[in-house]
Structures are given as C-alpha cells and as structure tokens.
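Student: Here is a sequence together with a model predicted from it:
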Amino acid sequence: FPVDKIRNFSIIAHIDHGKSTLADRLLEMTGAIAKTDKNKQVLDKLQVERERGITVKAQTASLFYSHHGQQYLLNLIDTPGIQAQTVANFYLAFEAQLAIIPVINKIDLRNADPERVESQIEKVFDIPREECIRISAKLGTNVETVLKAVVDRIPPPLACPNDPFKALVFDSSFDHYRGVVTNVALFGGQVKKGDRIVSAHHSKTYEVNELGLLRPDEHPTQRLYAGQVGYIIAGMKDVKEAQIGDTLHLQDQPVEALPGFKPAKAMVFAGMYPMDQSEYPGLRSAIERLTLNDSSVTVQRDSSLALGAGWRLGFLGLLHMEVFNQRLEQEHNASVIVTAPTVPYKAILSSAKLIKEHGSEEITIVNPAQFPDRGVVSEYLEPVVLGTILTPDSYTGKIMSLCLSRRAVQKNMVYIDDQRVMMKYLFPLNEIVVDFYDQLKSLSSGYASFDYENAGYQTAELIKMDILLNGNPVEELATVVHRNRAYSTGKSMCERLKDTIPRQMFEIAYGGDITRKMKLLKKQAEGKKKMRLIGRSSLASKNSLSDLPAE
Ligand code: GDP
Ligand code: MG
C-alpha cells in the first residue's frame, strides 16, 4: 500500500459517548465484520468490558475503504476510556498538530440538540461549527461521512518506504502459546518473517515468527510496510521486553530510536492481599499475568501484620483499579483484600543525615508506613489535578459546595451556552479518589460530567493519623491526612470501626486479688485473639475498608 493511501486515526471521547459503537459501524461498513444487529462493541473483548460497557484494552483494526475510486487503508485505534482524560487528550492531539474531526454522536436521541453542541465546540475548542459531523453510531446515520472525512481531512502518516525498517511499539499483549504479541506502527522500511530484529530499549535480538494486520483479528501477512499498523510475534517471553514506546529495527540496520512516549504515571495506590496466605502463589501469578497485559500498573511487594504478604499496586486512576480488581476475580478467579486507595505524597527532608542516606532530599510516600518521623521534614507535598466539570446551571450551587468541601480551588467558570456551565477546579487528588464522582453524579441527577488531568504537586500540611485498637496502633488503619481533615476523618473512621468491631476488653491499671486479675487477663487474651480475627474479617470484606474515607 502506498503511504499516501494510508490514514491513521483514533476516536477520543468520554466514556459512554459511543466510541466502541462507532468503531462497530466503521468495521461493518468496510467489511471487516459482517453486518448483523449482534455487533455490540466488537473491539471490547474482555468480560469486564462487556459487563461495564467500557473499553479497557485499546484495540486496533485496519480497514480497507474505497473513496474517490481508490483503495485506502485506514488504521483505527479504539482508545481505552478508563483514563477519561478526554479534554487533556484533545489538547495533546491539538498540540501535536494532529487533524481533528469533530463528530457529534447520538443525534437520534429525542433530546439531542446538535445545534447547541456545535456552539459549545466552537466556544470551548475553537473549532468552526461547519467542521462538525452529526451522526448516530447506533443507527449508522452519516457514519459514511466520517470515513470520507478520515480520508480527506487526515494527512497520510510520515513514513518512508525507502528508509531501513523502523517501528514504534505502541501496545503489547501476552499470549499463552505464542508469547508476546507487539502492536507496531511502521515508520520506515519493511519487515518479513525470519528477519532478525532488535529492540532499541534492551538491545536484544529476536527472530520474527509471525506478522500481519489486525482486522481486527490477527491476519497474518508476508510483510509489513512503512505506514502500516500491525502485529509482530518474535519470541519475546515477557512483555517487559516489549516496552511501550520502544523502537524495533533490523539487526544489521540500526536506526535512531523514535522519541517514544511518556509512560502514564500511577496516581492511585492500594494494598492487595490474598484472603488467605495459602492463596499467595495463585494471586501472585494472577497479578503477574494481568500486568503482562497492562504495563501501566506498578507492582511492589508489601506486607502487613494482619494481612500477611501482599503487594502495593499503582493505578492510573480509581476506575483503572476497580477494573483490575474485577479482572483478577473474573479472569483469574482470585479473591483479594484491597485496602483504601491512597495517592503518592512527597516529603522534602530537612535532615542532612537522612538526605545522605536516601540519596535525595525528596521522598515519595505511597504507603502510610513510609511516612517519615516528625522533625525530619521541611515540607510535604500532595498531588493535585485540574478537574473540569460540565453541568446544567441549575446544579452549580450544590457542585460548588461539594468542591469546597473537598478543598478544591475554583479556577474558572464559564457558560458554554445558555444553560450549561463549565467549571474548572484545582483538586487535591486524594479528595477525589473516593466517592467524589458518585456524589457529583447523584447531586446532579446524573447530568454533570467530570474529567481531570494531572497538575503537579502543591504544599500541604500532612500528618499521619494512627488508629489505636486496645491501645496499639493498627498499621492497616493508619492513613495520611491533611491536618484540617484529621479530626473529621478520624471521627468517621472510629464511628465505622465501632460498628464493625465488637466491644473489646481493654487494659486497666489493676491492683487487688490476683485470681481476678488472672481471669481478666485470660478473658483479654481471648478477646485479643478474637479481635485479630475480627479485625481481619472486617478488613477482608472489600467494601468495609474502601468505604472509609480516604486519607
Ligand atoms: P464508549 O464508552 O465511548 O465506547 O461507548 P459505547 O460505544 O460503549 O456506547 C455507550 C452506550 O451508548 C451504549 O449503550 C450504546 O448502545 C449507546 N450508543 C452509542 N451510540 C449511540 C447512538 O448513536 N445513539 C444512541 N441512542 N445510543 C448510542
Ligand atoms: Mg468503548
């Protein structure tokens, strides 16, 4: 395929706005899949994707399409919605000077108002309304116009057929039988079965066993050419060998590595433990297999007194964490205990001794147990995000008080038409990781939408709050909180614990009859034993802990 007949594109939109449905129509219209009324989010293959109706794993599909009497190869990447950073993604695409085709979906809905949406697009994104395409992905209305626009408005990829083979790894997955399957975009040259290729990141050499197009199923071909998007299987045993953003080239034709892209950073951390320590090995292999296919999850071993050996995992966001958890249970039959989510805080050390020990003056705290002792820190920092809320104006009052209660600072508020308001707030990330989205949805009857992007760190007065049970601090209940929130957070945690954990014996200074003291001690020992169990089972019921306010 000549490069000038190739187009690469992806669909960026909020969760639920119809990306996967539009992808279905595009697949049908180009003959990639048969037209039936059973095509529902074909690219969403995972059980969790089908159940929740969200795309977890981005899928790629190469489509053949005739336009102007010519054959075109259109490479579609259905983006995962779990980051939900639609606005941020728009600006990324805009800054990269990518062509943007505004598509307004669901025009078949009775209350659809494309006129108004076009005005909003003009106002918020500065895109002329004439460029908007109104469609119904569900009914297929006007979807052909989208295909034509892809050909007419998107430039061909910058790929050089005469250069040496050069490919960007943009995704990878693990297949039990064939090893790592890399998804690649070719920027130069060509590659065929039997070629010896090198990953620039590891400088390891592999032999190409199989390659082909994704249509959307794997479609083996003889070769892949510059401008194409496809898959390569080359005997990699571990996805760590196929770093996303890595460059592949031929062994005897080294090239300069492509700039790659910034790996997404974990922003929400939680402890994960097996229900029972005997399940540790099984859970370990389940976590390993899942992270093979999702390199954005970070994994560190961790242990806790009550819960035993486990891990501290880092996720891109809350939904990402929930989905990971659900996949562990559904696809790997693992039952897990998840602790309340936390965010990565930072501390700037003031003690010269500690700075030397640590090798830098800044430490990252992803676990309350890492919280430094008093007196060695000059400043604490917490991650902040810039949140965008779109809402009918009748809910602005309620939303403003919700944001205020979450320590958010308003940055901007504009009417995007006569009824809808766009508000921007700077939120401490920890204030939105638990139940913010649910509250926003419920107080706006489901009408407000929320989107956020990372916005760095800000100074914060943080403290570690311990909860004592029978006079002993319980590490699993320790949380990092903002000083102003310590009292209310501590109070509500205690109230919940009071209901969860039955009354306990507590030690009292005692003088008097020794037999009575022995009796009491025996009772106390039983009580403690029971409490360990109870403490465990209360931690074990997943909701009880994540219901607790986050630190
Ligand atoms: P995604 O999260 O952006 O991938 O959205 P989906 O494609 O999964 O669609 C979300 C929901 O909206 C599904 O229930 C679809 O059936 C529905 N939907 C998608 N497109 C349309 C449309 O054009 N009209 C209507 N009425 N519903 C649609
Ligand atoms: Mg989807």
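Tutor: Yes, it's here. Residues are numbered from 1 along each chain as shown. Ligands and ions are numbered 1, 2, ... in the order given.
Student: Low-confidence stretches in the stretch 51-200 of the chain?
Tutor: 51-58, 78-89, 91-92 (pLDDT under 70).
Student: May I have the secondary structure class of whichever residue of it sits closest to ligand 1?
Tutor: Proximity of the stretch 51-200 of the chain to ligand 1 (Cβ to the nearest ligand atom) peaks at Lys138, 3.3 Å away. C-beta here means a position set from N, CA and C on the backbone, and glycine is covered the same way. Here Lys138 is recorded as coil under DSSP: H, G, I helix; E, B strand; the rest coil.
Student: what sits against it?
Tutor: By Cβ atoms under 8 Å, 6 or more residues apart in numbering, Lys138 lies in contact with 18, 21, 106, 108.
Student: Which one (most neighbours) among those?
Tutor: Highest neighbour count within those, by other Cβ atoms under 10 Å: Thr21, with 22 neighbours.
Student: and that residue, what element?
Tutor: Per DSSP states H and E: Thr21 is located in helix 19-29.
Student: Could you pull up the contacting residues of the closest residue to Val366 other than its chain neighbours?
Tutor: Leaving aside its sequence neighbours, Val366 sits nearest to Phe269 (Cβ to Cβ, 6 or more residues apart in numbering; 4.5 Å). Phe269 makes contacts with 312-315, 341-344, 366-367, as judged by Cβ under 8 Å, 6+ apart.
Student: What of Gly31?
Tutor: Shown in contact with Gly31 (Cβ under 8 Å, 6+ apart): Phe64.
Student: Repeat that for Val3.
Tutor: With Cβ under 8 Å, 6+ apart, Val3 has these contacts: 156-157, 159-161, 226-227.
Student: cutoff 7 Å now
Tutor: Residues near Val3 by Cβ atoms under 7 Å, 6 or more residues apart in numbering: 156-157, 159, 161, 226-227.
Student: Val336 too?
Tutor: Here Val336 is in contact with 272-274, 283, 325, 328 (Cβ under 7 Å, 6+ apart).
Student: State the distance from it to ligand 1.
Tutor: Noted for Val336: a distance of 26 Å to ligand 1, by Cβ to the nearest ligand atom, to the nearest Å.
Student: give me the beta-bridge partners of the residue lying closest to Met321 once chain neighbours are set aside?
Tutor: Once flanking residues are discounted, Met321 sits nearest to Phe315: 4.1 Å by Cβ to Cβ, 6+ apart. Assessed by DSSP bridges, Phe315 has beta-bridge partners Val268.
Student: Phe315 touches Val297, doesn't it?
Tutor: Yes - using Cβ atoms under 7 Å, Phe315 is in contact with Val297, at 6.1 Å.
Student: So these two - more neighbours on which side?
Tutor: Neighbours per residue (other Cβ under 10 Å) separate Phe315 from Val297, with Phe315 holding more: 24 against 18.
Student: mind listing what the helix or strand hosting Tyr65 pairs with, with the direction of each?
Tutor: Element membership for Tyr65 (DSSP H and E) is strand 59-67. Using DSSP bridges, strand 59-67 pairs in its sheet with strand 70-78 (antiparallel).
Student: For ligand 2, see how far away the closest residue to Gln41 other than its chain neighbours is.
Tutor: Computed as Cβ to Cβ, 6+ apart, the closest residue to Gln41 that is not its neighbour in sequence is Ser20, at 3.8 Å. As judged by Cβ to the ion, to the nearest Å, Ser20 and ligand 2 stand 3 Å apart.
Student: Near ligand 2, which residues of the stretch 101-250 of the chain? Just list them.
Tutor: Within the stretch 101-250 of the chain, no position is near ligand 2 by Cβ under 5 Å from the ion.
Student: can you pull out the strands in the stretch 101-250 of the chain?
Tutor: Remark: strands assigned in the stretch 101-250 of the chain by DSSP state E, counting those that start in this stretch are 103-104, 133-134, 166-175, 179-188, 190-192, 196-199, 204-207, 210-214, 218-220, 223-225, 229-233, 247-250.
Student: of the ones you listed, which approaches Thr479 most closely?
Tutor: Nearest to Thr479, of all these, is strand 166-175, at 35.4 Å by Cβ to Cβ.
Student: can you state the direction angle for that closest one and strand 179-188?
Tutor: Counting by axes from the mean of the first three to the mean of the last three Cα atoms, to 10 degrees, strand 166-175 lies at 160 degrees to strand 179-188.
Student: Show me what strand 166-175 packs onto, helices and strands only.
Tutor: Counting contacts by 3 or more Cβ pairs under 7 Å, 6 or more residues apart in numbering; DSSP states H and E, strand 166-175 packs against strand 179-188, strand 247-250.
Student: In a markdown table: the strands of the stretch 101-250 of the chain, plus mean neighbour count and distance to ligand 1.
Tutor: Formatted as a markdown table, the strands of the stretch 101-250 of the chain follow (neighbours: other Cβ atoms under 10 Å; distance: least, Cβ to the nearest ligand atom, whole Å):
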| stretch | mean neighbour count | distance to ligand 1 |
| --- | --- | --- |
| strand 103-104 | 21 | 10 |
| strand 133-134 | 18 | 10 |
| strand 166-175 | 21 | 17 |
| strand 179-188 | 23 | 19 |
| strand 190-192 | 18 | 32 |
| strand 196-199 | 18 | 32 |
| strand 204-207 | 15 | 34 |
| strand 210-214 | 20 | 18 |
| strand 218-220 | 14 | 22 |
| strand 223-225 | 20 | 28 |
| strand 229-233 | 24 | 20 |
| strand 247-250 | 22 | 30 |
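Student: can you tell me which of these comes nearest to Thr489?
Tutor: The closest of the strands of the stretch 101-250 of the chain to Thr489 is strand 166-175. By Cβ to Cβ, the value is 39.6 Å.
Student: follow-up on the earlier one: check the offset of the helix holding Thr21 from the chain's centre.
Tutor: Here the centre of mass of C-alpha atoms in helix 19-29, compared against the chain's by Cα atoms, centre = their mean, to the nearest Å, lies 24 Å away.
Student: can you give me the angle it makes with strand 59-67?
Tutor: Interaxial angle of helix 19-29 relative to strand 59-67 (the same axes, to 10 degrees): 40 degrees.
Student: follow-up on the earlier one: quick one: neighbours of the residue nearest to Gln41, just the number.
Tutor: As a burial measure, Ser20 scores 23 neighbours (other Cβ under 10 Å).
Student: circling back: let me see the mean pLDDT of the helix holding Thr21.
Tutor: Throughout helix 19-29, pLDDT has a mean value of 89.
Student: Run through the neighbouring helices and strands of that helix.
Tutor: Against helix 19-29 (3+ Cβ pairs under 7 Å, 6+ apart) you get strand 6-11, strand 59-67, strand 70-78, helix 143-153.
Student: For the last one, list the C-alpha coordinates in PDB.
Tutor: Once side chains and other backbone atoms are set aside, the C-alpha atoms of helix 143-153 remain, and they are given as PDB (Å, rounded to 0.1, in the frame of the first residue of the first chain):
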ATOM      1  CA  VAL A 143     -21.100   7.300   9.500                       C
ATOM      2  CA  GLU A 144     -20.000   7.200   5.900                       C
ATOM      3  CA  THR A 145     -19.300  10.900   6.100                       C
ATOM      4  CA  VAL A 146     -16.900  10.100   9.000                       C
ATOM      5  CA  LEU A 147     -15.000   7.600   6.800                       C
ATOM      6  CA  LYS A 148     -14.800  10.100   4.000                       C
ATOM      7  CA  ALA A 149     -13.600  12.800   6.400                       C
ATOM      8  CA  VAL A 150     -10.900  10.400   7.600                       C
ATOM      9  CA  VAL A 151      -9.600  10.100   4.100                       C
ATOM     10  CA  ASP A 152     -10.000  13.800   3.100                       C
ATOM     11  CA  ARG A 153      -9.000  15.600   6.300                       C
END
